[in-house]
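Peer 1: let me see the structure of the following:
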Amino acid sequence: MNDSYERLANAIILQAVKDYRNALKRLKKHPRNETALYTKIEVERFFRSDWCTELSSIDAEILIRKLKEEVI
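Peer 2: Next up, the predicted model:
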């Protein structure tokens, strides 16, 4: 992967991490927040997707667990 594509891939993953972290924080304060719940589910789906696997070698389950631990 050339440098530009690698930077783009990293930016996509980083944005998903930020979105997931924010959704978890909102859900902690407001467990019934439908927008936050939707974001949480969609980002988890992305982390577990083939596309994410193409972008990065991260282990989705470990990443999800670590982000949850951060917020709890």
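
Peer 1: what about the protein, any weak spots by pLDDT?
Peer 2: Along the chain, segments meeting pLDDT under 70 span 1.

Peer 1: the helices in it, which residues?
Peer 2: Taking DSSP state H to define them, one finds helices in the chain at 3-29, 34-47, 50-55, 60-71.

Peer 1: any idea which of the ones you listed is most buried?
Peer 2: Ranked by mean neighbour count, the helices of the chain are led by helix 34-47 with a mean of 16 (mean count of other C-beta atoms under 10 Å). All C-beta spots, glycine's among them, are computed from the backbone N, C-alpha and C.

Peer 1: now for it, which elements pack on it?
Peer 2: When contacts are defined as 3 or more C-beta pairs under 8 Å, 6 or more residues apart in numbering; DSSP states H and E, helix 34-47 packs onto helix 3-29, helix 60-71.

Peer 1: same thing but 10 Å
Peer 2: Applying 3 or more C-beta pairs under 10 Å, 6 or more residues apart in numbering; DSSP states H and E, we find helix 34-47 packed against helix 3-29, helix 50-55, helix 60-71.

Peer 1: measure residue 63 to residue 52 for me?
Peer 2: Distance, residue 63 to residue 52, by C-beta to C-beta, to the nearest Å: 9 Å.
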